Structure formats: C-alpha cells, structure tokens
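J.: Okay, sequence plus prediction incoming.
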Amino acid sequence: MPKAATAGQGRIRGSERSNTSRSGGRANLSVMDPETTTSLCTPWTHARQQRAVAVLAGIDADACAPERLLAWNDVATHAADGRSVVYWMARAQRGSHNLALDCAVAAARALDLPLVVVFRRFAGPAGTELRHVEFMLRALPETFDDCIARGAHVLFVEQDGVPIVELLARDGALRPALVITDDDVMAGARRGREHVANSISAPLISVDADVVVPGACFPRQEYAARTLRPRLHRVLAQFDGELGHGLDGPTAPAHPVPAAALQLAGVHLAPAIPALDDLLAHARAAGTPDGASLLTSAPSGTRAARARLEAFVNEELHGYAARRNRPELDGTSHISPFVHFGQVAPHEVLATVRAAEAPAVDIDTFVEEFVVRRELAYNFVRWNPHAHELEGAPEWARRSLATHAADPREWLWNEDDLAAGTTHDPLWNAAQHQMVETGSMHGYLRMYWAKKLLEWRPDAAGAFELALRFNDRWSLDGRDPNGVTGVAWAIGGVHDRPWHEREIFGQVRFMSLASTGRKFDSKAYIARWNGANGAAVPGRGISLF
Ligand SMILES: Cc1cc2nc3c(=O)[nH]c(=O)nc-3n(C[C@H](O)[C@H](O)[C@H](O)COP(=O)(O)OP(=O)(O)OC[C@H]3O[C@@H](n4cnc5c(N)ncnc54)[C@H](O)[C@@H]3O)c2cc1C
C-alpha cells in the first residue's frame, strides 16, 4: 500500500504565511530551488505562476506546491460577486489524491462558496474510438461519488450540451468566483484552456497534478533522458510526498449548487447522470466509431487502478527489470490507461511501487520508466511546439531523413493492410493485432512497430502522422504525451543520438526483424497474436524488388 504522504521539504516563504488550517495541515512548498535559491521557472512561466499564487494567497487557499500553479488569464483576484468555485475536471479524472481538487476545495472553503465540479465530455479528436469513451465513462460514477464525498456538486455535461464558457461566464449559470482546472500539456487541451480563459472574467488557474515533479521545474526542452535524470532526481524528494488528499480530506461548504445551471441543455447533476448505455449510444450517434470494441469488460476507475497496482507490486514487480522487455511474457505493469485518464495519481503509483518488497533493481527500473521517461515525454510535448510532427525532431535527424527521402523502399504498405495487420512481417502483424484486439501493444514492440512504418511508408513525415494516428486510435493509453514522444523517438530520433547511416533511416536508429526477434521468444508472441501457426497473413504490399 502507499507510503504515508510526507510534507514537502521546500522552504515556506514569508509572504505566503504558514498555512496549516484550511488546506488540512499541508505545508506550503517554496517556488525557489533550495540549492540555488533561484526560480525554477522561465520568466514567462514564473510571472503566470506568481499570478496564480497571488490569487490563491489573496483568499488564503494554498493547497499545493506553487510550482504546480499557472494562471491562464490576467484576472488578478477572484470575482467578489461570484456564486461558486468551479473545478473544471479534464485530465485528472479522480476524486482522491487529486491536487487540483484539493486546491478547489481549499478555495471554496476560503470563500465559503459551493464547489461545483464540472466535467464536460468533449467529442475528442478525430480518431477517438468508442473504446476510449467507454473506458472513461465507466469510471465516472465512482469519480463523481468521491468528489461528492469531498462536499462538491458534480455537473456532467454531455458532448453537445451547453458550452463550458457559457457555464463559466460572469452572467452565466454558475458565476464562478474562481475556476480551477488540471494541467495538460497536449496542444489541443492547452488551446481549450486558452479559449476558456479568454472568455471568462474569473481567474482560471491550472494545477499540474499529473506529474510527480511539476513541469515548470524544467523550464526548457531537455535534450535526452541523461540531461533530465540528474535534474529530476535533485528535486524529486521536494515533490514526491505531495500525494493530495484522499476521501477523508477537508470538505467543501454545504451550500446548494446555483439552480440556474441545472436548467441548461445537456447538464446532469451527479449521481443522476444518464446510464452508460445511453451515453455510449449518444457518442455513437454523434459519430464516434465503434471499431473492434472488445473492451467492454476492461476494468476502469480509481479502485480498478489500485487493484492493478496491487497485483503488479505483489505478483509482478519482482523480476520486472528482466521481464519488461519480454513481450511474450507480458511482464509490464499495464498501468498506463489508468494513468492516461488520470484515474490514479502518479504520486500514488510511485509511492506504492517504492513501498513494495521487491529487489531494488526492479523498483529502480520502474521509477526510471514511470518518472524519468514519462516526465521526459511531458517535457518534450510541453516545450516543443512541433512535438506532434516530424518538424519537432532534432536537426540532425531531419537532415539525414531528408537526405534519404528518395531511397527506394523494398516494401510499401497501404493503410488498409497495415490496419488489418496483413503485411509480410509476422512480428509487426502480431503487434498490430495485439493493439487492435486489446487496446494495448507491448512497449518493446511499440518501438519496432513505429520504426517499420518509417521503412514501409513513402515518406517520413507521413509515417510519423500515421504512427501517431494508429497509436491513438487503438491504444487505450493513446492521445498522451508518451505516445507523441514515443513516435518522435522512433521516427524522428528525439532523445536519441545519431547512429551509423543507412538507407531510408539515415542516422535514425534502425531495428530489424532478425535482431528484434532474437531478443525474446518472438515465436511465442507471434503465435499468440497471429494465430496458431504464427504465419504471416498474406497481404497486398508492393514489393519493389
Ligand atoms: C511508438 C510508441 C508509442 C507509444 N505510445 C504510448 C501511448 O500512447 N501512451 C503511453 O502511455 N505510452 C506510450 N508509449 C510508451 C510506453 O511504450 C508505454 O507507456 C508502455 O508500454 C505502457 O505499458 P505499461 O503501463 O505496462 O508500461 P510499464 O513498462 O509497466 O511502465 C510503467 C509506466 O512507465 C511509463 N513508461 C514506460 N515506458 C515509457 C516510455 N518509453 N516513455 C514514457 N513513459 C514510459 C508509462 O507511464 C508506463 O505506464 C509509446 C512508446 C512508443 C515507442
């Protein structure tokens, strides 16, 4: 089980007074790096962070490390005539150990206003399948119950219901004094926050609740894991105990939700939200594709995440370092869909694994993947404006890929054959089948899978786009900074180094079927996902030789 949360070790700044009352006895962490006593943020982030800190300090409502806070508009104080505090729940879909919810509870208590959690189901980017919608929706009743236990009212807004800005407008139904949301580095989410922030007159403040170390602590794009690792470990102890409150944390004041909000189109007050089947039918009718949705029984939600985590630490963590690169053994944690949908706090995952009785090498390997690699991916997407395309790759990789753009391809596969997993390569087909059928592809094969798209598609930029689109369409954990960065690593050489030059790949690292297949029992993996005899399914690829 998780270690008890410890107070952060940063200094408490004089101007932000010792606050141990409303936020449940939490120490207020410093925005200063204790070693250097300089700000950890770039000037622009620092100014926005300071504005958010000032808004919350103005109402005596500190609840998390200031480094997690960001103001999205210039509104310097809460709206004095506000009728509610709103937590716009987006990324962190959980009701416990949620630092953004804690912050909203603290603000509602300070202002003595009702706390309204608003969850609006957006149609999502093109390519989202019903499997993602279902995994997300099935967890919401539990999440909403947990929020209600913290004294909040929860409004679920259907995807074609009232726009979020109308709910949050000054003369709108909720008239918030202050809006808190959770941070998300993905470009679409950032655009959404900017739009809302510019359309409302209350402050919009985000809380960076889904990384262990706040992204603002790494103020520029890191070159590789080796540059982030020492920086991250230097400040990890400052943030890893900041677990957030569970269900027994402070509660919001017991005031009714502003009644006008309940009259609006598509708004439901939890727990009276439509049944899952109705919501899915609604999503289907709105055009969400229902391809190969074999996942109706996939457990989701905070308790399911904790059960998965517990099974992992009790039965699978021992030997993880060796087993995680053996796709035929399936020896990884399978925690990523829960983490992607924010159903479990990264702090809780980290604390649970660190507290487990397992060899240090296994725990350290998990920490490297879950904290260093994951937060490196977030850093890349946060700071690279072209992270989602080949243009975001390092100059050496783009140059060498361009040099080899006209190299002849032995195989060219069209989208239909790739989607169906009917190429000449049985290992690739097996990986594709695993993803389509289960919503997950083993991490080791994800690298191979994406690199083969570079080899089999006419151009590198198109291969990048297709790899990300396929990954996001079928992987339950898709549409995530990890996916963007994984594709950028495989096809664009991001966080990697130049390798020996070769055809098509230039200096981008190559993976061959022969060498990849030798590193684990690929026959067993292929037989499992390609059918009993493990043979490649004949396809219609064009062989140029
Ligand atoms: C082409 C490609 C696409 C990918 N797409 C996604 C994606 O859409 N969503 C996603 O969450 N991950 C993605 N990854 C990263 C990684 O493969 C998955 O996080 C991992 O396979 C998830 O399974 P698990 O939870 O069992 O991982 P475990 O091996 O048990 O690892 C534990 C956790 O560590 C983190 N992690 C592990 N490997 C990486 C990595 N290479 N980069 C960043 N974080 C990592 C994840 O949060 C993971 O859940 C992708 C990698 C590549 C190369």
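T.: Great, that's in hand.

J.: Going by C-alpha atoms from here, please, whenever you check contacts or count neighbours.
T.: OK.

J.: Near the ligand, which residues of this structure are found?
T.: Within the chain, the positions adjacent to the ligand are 324, 332-336, 369-370, 373-374, 377, 442-443, 446-447, 450, 471, 477-480, 482-483, 486-487 by C-alpha under 6 Å from any ligand atom.

J.: Quick one: the strands in the stretch 251-400 of the chain, in order.
T.: If DSSP state E, counting those that start in this stretch is used as the criterion, the strands of the stretch 251-400 of the chain fall at 267-269.

J.: what about the helices in it?
T.: Counting by DSSP state H, counting those that start in this stretch, the stretch 251-400 of the chain has helices at residues 276-285, 302-311, 320-323, 336-340, 346-354, 360-367, 374-383, 395-403.

J.: Quick one: the ones you listed as a markdown table, columns for mean neighbour count too.
T.: Below are these laid out as a markdown table (neighbours: other C-alpha atoms under 10 Å):
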| stretch | mean neighbour count |
| --- | --- |
| helix 276-285 | 15 |
| helix 302-311 | 18 |
| helix 320-323 | 18 |
| helix 336-340 | 22 |
| helix 346-354 | 22 |
| helix 360-367 | 18 |
| helix 374-383 | 24 |
| helix 395-403 | 18 |
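
J.: now for those helices, which one comes closest to Gln434?
T.: The closest of these to Gln434 is helix 336-340. By C-alpha to C-alpha, the value is 15.2 Å.

J.: That closest one - what's its average pLDDT?
T.: When pLDDT is averaged over helix 336-340, the result is 97.

J.: Same check on stretch 505-521?
T.: 94.

J.: can you list contacts of that stretch?
T.: 325-328, 396-397, 400-401, 403-404, 425, 427, 448, 451, 454-455, 490-493, 497-501 (C-alpha atoms under 8 Å, 6 or more residues apart in numbering).

J.: still on that earlier bit, mind checking which of the residues of the chain next to the ligand are buried?
T.: Taking 16 or more other C-alpha atoms under 10 Å as the criterion, what is buried in those is 324, 332-336, 370, 373-374, 377, 442-443, 446-447, 450, 471, 477-480, 482-483, 486-487.

J.: what's the distance between Gly188 and the ligand?
T.: According to C-alpha to the nearest ligand atom, to the nearest Å, Gly188 and the ligand sit 16 Å apart.

J.: you'd agree that residue is in a helix?
T.: Yes - assessed by DSSP: H, G, I helix; E, B strand; the rest coil, Gly188 belongs to a helix.

J.: What pairs with the helix or strand where Val118 lies, parallel or antiparallel?
T.: Taking DSSP states H and E as the criterion, Val118 maps to strand 115-120. Neighbouring strands of strand 115-120 in its sheet, by DSSP bridges, are strand 84-88 (parallel), strand 153-157 (parallel).

J.: Point out the most buried one among those.
T.: Highest mean neighbour count of those: strand 84-88, a mean of 29 (counted as mean count of other C-alpha atoms under 10 Å).

J.: helix or strand right after it?
T.: helix 99-111.

J.: and that following helix with strand 115-120, angle?
T.: 140 degrees (axes from the mean of the first three to the mean of the last three C-alpha atoms, to 10 degrees).

J.: what helices or strands is helix 99-111 leaning on?
T.: Counting contacts by 3 or more C-alpha pairs under 8 Å, 6 or more residues apart in numbering; DSSP states H and E, helix 99-111 packs against strand 84-88, strand 115-120, strand 176-182, strand 204-207.

J.: helix or strand for Ser515, which one?
T.: With DSSP H and E as the criterion, Ser515 is inside helix 513-518.

J.: in that helix, what counts as buried?
T.: Buried, per 16+ other C-alpha under 10 Å, within helix 513-518: Gly517.

J.: residue closest to the middle of this structure?
T.: His340 (4.1 Å; C-alpha atoms, centre = their mean).

J.: Excluding sequence neighbours, find me the nearest residue to that residue.
T.: Counting by C-alpha to C-alpha, 6 or more residues apart in numbering, His340 lies nearest to Asp477, which is 5.5 Å off, once chain neighbours are set aside.

J.: So for that neighbour, what pLDDT did the model give?
T.: Taking Asp477 on its own, its pLDDT is 95.

J.: pLDDT-wise, which helix or strand of this structure ranks last?
T.: strand 542-543 (a mean of 36; mean pLDDT, DSSP states H and E).

J.: Show me where the stretch 1-150 of the chain has its helices.
T.: 43-58, 99-111, 130-149.

J.: Indicate which one of those helices is closest to Leu236.
T.: helix 99-111 (16.7 Å).

J.: List the buried residues for stretch 115-123?
T.: For stretch 115-123, by 16+ other C-alpha under 10 Å, it's 115-121.
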